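Asks: fold the following.
(4 chains)
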Number of protein chains: 2
Amino acid sequence: MQQKPLTMRDVAKAAGVHPGTVSRTLNPLTRPLVNERTAAAVDRAARRLGYSPNPIARTLKTRKSFTIGVLIPDLTNPLFPPLIRGMEGVWDGAGYTTLVASTDGDPHRERQRVEMLVARQVDGFVIATAARHDEVVTEMMAAGRPVVLVNRTIQGSGAFAVVPDDRKGSTLAVEHLVALGHRRIAHLAGPRRLSTGQLRWRGFLEAMDEHGLEVNASMVATAEAYTESEGVASARRLLGAEPRPTAIVAGNDLLALGAYTALAELGLRCPEDVSVIGFNDMPFADRFAPPLTTVRIPHALIGARAAELLLERIEDPAATPQTLLFEPALVVRASTAAVST
Amino acid sequence: MQQKPLTMRDVAKAAGVHPGTVSRTLNPLTRPLVNERTAAAVDRAARRLGYSPNPIARTLKTRKSFTIGVLIPDLTNPLFPPLIRGMEGVWDGAGYTTLVASTDGDPHRERQRVEMLVARQVDGFVIATAARHDEVVTEMMAAGRPVVLVNRTIQGSGAFAVVPDDRKGSTLAVEHLVALGHRRIAHLAGPRRLSTGQLRWRGFLEAMDEHGLEVNASMVATAEAYTESEGVASARRLLGAEPRPTAIVAGNDLLALGAYTALAELGLRCPEDVSVIGFNDMPFADRFAPPLTTVRIPHALIGARAAELLLERIEDPAATPQTLLFEPALVVRASTAAVST
DNA sequence: GATCGGACGGCACTCGATTGCAGTGACTAT
DNA sequence: ATAGTCACTGCAATCGAGTGCCGTCCGATC
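Replies: Numbering: from 1, shown residues only, chains lettered A, B, ... in the order given. Alright, predicted model coming up:
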């Protein structure tokens, strides 16, 4: 709340010492270098004047900004706010500030945002926008920048990542439906170029195979993006097949919502005619009509863990890459029911 | 994407000029001062080396960071992402970066976040957390910092603010219910210390009066915060009254959702037994069970307009304060119905 | 009482870009 | 030919904090 810029020289003058000494006393690492009594005097002067150091100047000199860049596709996707809160929680405690940038899924814009963040000297990145083959991410890692991937990861290893166990999630979904007597189960898949789309699809196929259930081409539709409107379009294709599936496993909750719409268009009821399962357990999923059965992913936890991992990576550039897998859990609500014969 | 820091001196050396000349060339305002041919040479050198200026150093010298601080209560409240996207849209175009800070409604934390933003030399603030009597905001304005209030405003004038016409919104809600034959209409109010809580309440009382409808004490319950759980608690009180209200006007959608829960607890149906109206038209309000009738507020627009206003204020410190009122609109869905006699 | 060692803190340069001031050279006017 | 003007551009200080180097002063030691 200071009006006129208060600098180290002011504190130095007030304490009757040299600015360099002030710097040393205020920095915990160099503090031992200065006499306890002078240090106390400096502290007193600083407190009295209400001095607080200028992070900009500090960054210029030390190249450390105590800022972290977070790349997400779109803030209005309800999946991301909890993720971000999870991260902010740990960074706040460590004195870091969070700088969030939206890319809208546009690689050009993504690159531009990254350049902005680099220019602002962020100390590291959390990336929630990674495609399986992601040029920008690969370049950043090659350049030695601290990067942690969340939610989505890239093909191959060597990256730090904190992601849900997507295959497992699909297994949970399929098993639940099979237990309810479903056999014609369709998959409303997310984009194949994202790890979530790919792995949930793979997991779906494997689980179906496990149960001796056949999956022909008309039982899988792939959405171009994780949006309601894409969900509607793909669900229409699924529901046009003969015989019609009795259940749909959607790649995420927004796609599931799209399926709701497609069902309504056709005069079909959920869950009486067709069961639907989502993915993520987004906020208010329990409020939908009908309340959505979905695979819950602990986003706040994933965010927090990613934040910690990044901090470790920043402090130790030689840290070995690791990908952390989080267990999903099935949340049964009212969008799934026993198959009606 | 540069690895080694590339500075103006490097460009200067490559172009065979002095760093100062490079600075003048690259700054559009001072560009006319330099000879066209040397300017072209500098441009070429800069492009060839892939130089981009260091915003940190620039900020240190010019005290302008091209960063704007946004204060919100909580990112996971679905009301805020659209607001933020609206602002980012205009700032991106003007070369500003957005720094979002969550306060969780805690004044202590709010003050601390503001100090962080001030230290980072943000050029201005958008504040969505203002209470009607807000010390922090008042101090900031007194200190001459560019501030624009969104969604919530403070008591008295002299502030820049972009807010919905809350009284009007309440009027819309009451009129809709009256038209459906309701007479015992209750208000599930938001906190009185926020302008939204206060004005929507006032608007409710005025509209009821307008229609010759009485409002006794048991017809208004005030929630301590805009949360579902607070909504449940207050709605219980409302529904315990005798005779029971046939309709509830909630101070926002989250409170309305709380009312849904309270109704379900009592075995009452919405809208057959009690109609409910929300406020905001938050994302997915059309997906709830039942789809929520609500007063829509154009948040993205409000955000965009606030962003523009702040930019004007930053460029012209003498700009005169103004508060912009945005028209709400009633969105009728399925949570309201004609009163059942 | 002279020497040595260590603790302390002052000095001055650095980070990268901006900018007031002054100097250079060309060109014009008288 | 000399002064005066103008257009450029180089120089150096500056923003605020961090830090290597060195001098000073103290006490301890023989």
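Asks: from now on I want contacts and neighbour counts done on CA atoms only, so please keep to that.
Replies: Noted.
Asks: helices along the stretch 151-300 of chain A, start to end?
Replies: Taking DSSP state H, counting those that start in this stretch as the criterion, the stretch 151-300 of chain A contains helices spanning A:166-179, A:195-210, A:228-240, A:253-265, A:299-315.
Asks: for chain B, find the nearest of those.
Replies: Distances from chain B to each of the helices of the stretch 151-300 of chain A were compared using CA to the nearest CA; the minimum, 8.4 Å, belongs to helix A:253-265.
Asks: residues in contact with the residue nearest to A:E308 when sequence neighbours are not counted?
Replies: Spatial nearest neighbour of A:E308, excluding adjacent residues (CA to CA, 6 or more residues apart in numbering or on different chains): A:V90 at 6.9 Å. If a contact means CA atoms under 8 Å, 6 or more residues apart in numbering or on different chains, then A:V90 has A:A304, A:A307, A:E308 as its contacts.
Asks: and A:V90, what helix or strand is that in?
Replies: Element membership of A:V90, judged by DSSP states H and E, is helix A:80-94.
Asks: quick one, what contacts A:S195?
Replies: Shown in contact with A:S195 (CA under 8 Å, 6+ apart): A:A131, A:R132, A:R152, A:T153, A:I154, A:Q155.
Asks: let's see that with 6 Å instead.
Replies: Counting by CA atoms under 6 Å, 6 or more residues apart in numbering or on different chains, A:S195 touches A:R132, A:R152, A:T153.
Asks: mind checking pLDDT for it?
Replies: Confidence at A:S195, expressed as pLDDT, is 97.
Asks: and what of A:T25?
Replies: 92.
Asks: tell me which other helices or strands the host helix or strand of it touches.
Replies: Under the assignment given by DSSP H and E, the secondary-structure element containing A:T25 is helix A:19-26. Other elements packing on helix A:19-26 under the criterion 3 or more CA pairs under 6 Å, 6 or more residues apart in numbering or on different chains; DSSP states H and E are helix A:8-15.
Asks: relative to helix A:19-26, how tilted is the helix it packs on?
Replies: Computed by axes from the mean of the first three to the mean of the last three CA atoms, to 10 degrees, the angle separating helix A:8-15 from helix A:19-26 equals 90 degrees.
Asks: which of the residues in helix A:8-15 are buried?
Replies: In terms of neighbour count (16 or more other CA atoms under 10 Å in any protein chain shown), helix A:8-15 has its buried residues at A:M8, A:R9, A:D10, A:V11, A:A12, A:A14, A:A15.
Asks: right, and the second one touches A:P19 too?
Replies: I take that to be A:R9. Yes: with contact defined as CA atoms under 6 Å, A:R9 reaches A:P19; the gap is 5.2 Å.
Asks: quick check: the residue lying closest to A:M282 once chain neighbours are set aside vs A:L325, distance?
Replies: Among residues not flanking A:M282 along the chain, A:L79 sits closest, at 5.9 Å (CA to CA, 6+ apart). Here the criterion is CA to CA, to the nearest Å. By it, A:L79 lies 18 Å from A:L325.
Asks: how about the residues of the stretch 1-150 of chain A that lie near DNA strand D?
Replies: A:5-9, A:19-21, A:23-24, A:26-27, A:52-55, A:57-58, A:60-62 (CA under 7 Å from any atom of the strand).
Asks: again with the stretch 151-300 of chain A
Replies: Along the stretch 151-300 of chain A, not a single residue is adjacent to DNA strand D under the rule CA under 7 Å from any atom of the strand.
Asks: ok, now which ones touch the residue of the stretch 151-300 of chain A found nearest DNA strand D?
Replies: Distances from the stretch 151-300 of chain A to DNA strand D, computed as CA to the nearest atom of the strand, single out A:F160 as the nearest residue at 27.9 Å. Under the criterion of CA under 6 Å, 6+ apart, the contact partners of A:F160 comprise A:V148, A:P321, A:Q322, A:T323.
Asks: picking that back up, quick one: average confidence on the helix holding A:V90?
Replies: Computed over helix A:80-94, the mean pLDDT rounds to 96.
Asks: how about residues contacting the following helix or strand past it?
Replies: Helices and strands here follow DSSP H and E; after helix A:80-94, the next one along the chain is strand A:97-102. Residues from elsewhere that reach strand A:97-102 (CA under 6 Å, 6+ apart): A:T67, A:I68, A:G69, A:V70, A:L71, A:I72, A:P73, A:D74, B:L99.
Asks: give the bridge partners for the fifth one, please.
Replies: This means A:L71. With DSSP bridges applied, A:L71 shows beta-bridge pairing to A:A101, A:I127.
Asks: how many neighbours does the closest residue to A:R269 other than its chain neighbours have?
Replies: For A:R269, the nearest residue in space outside its immediate sequence neighbours is A:L263; the separation is 6.6 Å by CA to CA, 6+ apart. Around A:L263 sit 19 other residues, with neighbours defined as other CA atoms under 10 Å in any protein chain shown.
Asks: between the contacts of A:V90, which has the most around it?
Replies: Counting neighbours by other CA under 10 Å, A:A307 leads the contacts of A:V90 with 26 neighbours.
Asks: now that residue: how far from A:P81?
Replies: Taken as CA to CA, the spacing of A:A307 relative to A:P81 amounts to 14 Å.
Asks: ok, now A:T336?
Replies: Applying CA to CA, one obtains 27 Å for the distance of A:T336 from A:P81.
Asks: residues of chain A that sit close to DNA strand C?
Replies: By the rule CA under 7 Å from any atom of the strand, the part of chain A lying against DNA strand C is A:16-21, A:32-36, A:38-39, A:57, A:60-61.
Asks: from the residues you listed, which single one is nearest A:R167?
Replies: Distance ranking of the residues of chain A next to DNA strand C against A:R167, using CA to CA, places A:L60 first at 45.2 Å.
Asks: now that closest one: which helix or strand?
Replies: For A:L60, the element it lies in under DSSP H and E is helix A:55-62.
Asks: just the buried residues of that helix, please?
Replies: Buried residues in helix A:55-62, defined by neighbour count with 16+ other CA under 10 Å: A:P55, A:I56, A:A57, A:T59, A:L60.
Asks: export those residues to JSON lines and tack on pLDDT and distance to chain B?
Replies: Output for the buried residues of helix A:55-62, formatted as JSON lines (pLDDT from 0 to 100; distance: CA to the nearest CA, whole Å):
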{"residue": "A:P55", "pLDDT": "96", "distance to chain B": "6"}
{"residue": "A:I56", "pLDDT": "96", "distance to chain B": "6"}
{"residue": "A:A57", "pLDDT": "96", "distance to chain B": "6"}
{"residue": "A:T59", "pLDDT": "96", "distance to chain B": "7"}
{"residue": "A:L60", "pLDDT": "95", "distance to chain B": "6"}
